[in-house]
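From the sequence below, what's the structure:
(one chain, ligands or ions: 2)
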Amino acid sequence: MKAQRYSKQRELVLRTVKDHLTHPTALEIYGLTREKDPTISMGTVYRNLNLLAEQGKILQIKVPGGADRFDGIIEPHNHAVCTKCGMVMDYCFDFEDLSRSLEKSGFKCEELNITVRGTCKNCLTKADE
Ligand SMILES: [Zn+2]
Ligand SMILES: [Zn+2]
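Numbers count the residues shown, from 1 in each chain. Ligands and ions are numbered 1, 2, ... in the order given. Just a heads-up that it's a prediction; the model follows:
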């Protein structure tokens with residue numbers, strides 16, 4: 001019975017990440033899952049997030065100097081992180097160009113993962129006011 005309850009909560013954690021494509025932190029995911037299942041514990045949320053990331057069902061994004069974020073989009077893509085408010089945005093990058101220029105130096109690219117740090121549109125607008 002215990003195992004069944006855990007897998008149901010794992011399903012809830014997975015669904016919550018897939019439903020919120022704002023790159024939530026574990027704490028945010030915990031808050032969102034609590035709305036659906038008030039019995040879920042912080043430890044269960046953490047454990048399941050790590051497990052789902054290990055299984056490749058979600059992405060775990062390391063944010064330097066901040067809490068890890070989780071992403072329901074598992075196709076390769078890149079992130080731009082706002083250093084002011086912590087917002088994480090998806091962006092696409094032309095892998096081919098970089099790959100070609102690196103191959104000229106004899107380096108074969110297999111995976112691209114560039115996290116850009118900067119200031120988001122909202123924070124820039126606020127700074128102008
Ligand atoms: Zn910002
Ligand atoms: Zn993303």
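
Distance of residue 116 relative to ligand 2?
12 Å (CB to the ion, to the nearest Å). Bear in mind the C-beta positions are built from the backbone N, C-alpha and C, glycine included.

after the host helix or strand of residue 8, next one along is what?
Element membership for residue 8 (DSSP states H and E) is helix 2-19. With elements assigned by DSSP H and E, the helix or strand that comes after helix 2-19 is helix 26-36.

Just want the angle from that following helix to helix 2-19.
Here the directions of helix 26-36 and helix 2-19 differ by 110 degrees (axes from the mean of the first three to the mean of the last three CA atoms, to 10 degrees).

name the helices or strands packed onto helix 26-36?
helix 2-19, helix 42-54 (3 or more CB pairs under 8 Å, 6 or more residues apart in numbering; DSSP states H and E).

Restricting to C-alpha, output that helix in CSV.
Taking Å, rounded to 0.1, in the frame of the first residue of the first chain, the C-alpha atoms of helix 26-36 are listed here in CSV:
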residue,chain,number,x,y,z
ALA,A,26,11.6,22.4,-5.4
LEU,A,27,9.9,24.7,-2.8
GLU,A,28,7.5,26.1,-5.4
ILE,A,29,6.7,22.6,-6.6
TYR,A,30,6.1,21.5,-3.0
GLY,A,31,3.5,24.4,-2.6
LEU,A,32,1.8,23.4,-5.8
THR,A,33,1.5,19.7,-5.0
ARG,A,34,0.2,20.5,-1.5
GLU,A,35,-2.8,22.1,-3.2
LYS,A,36,-3.7,18.8,-4.8
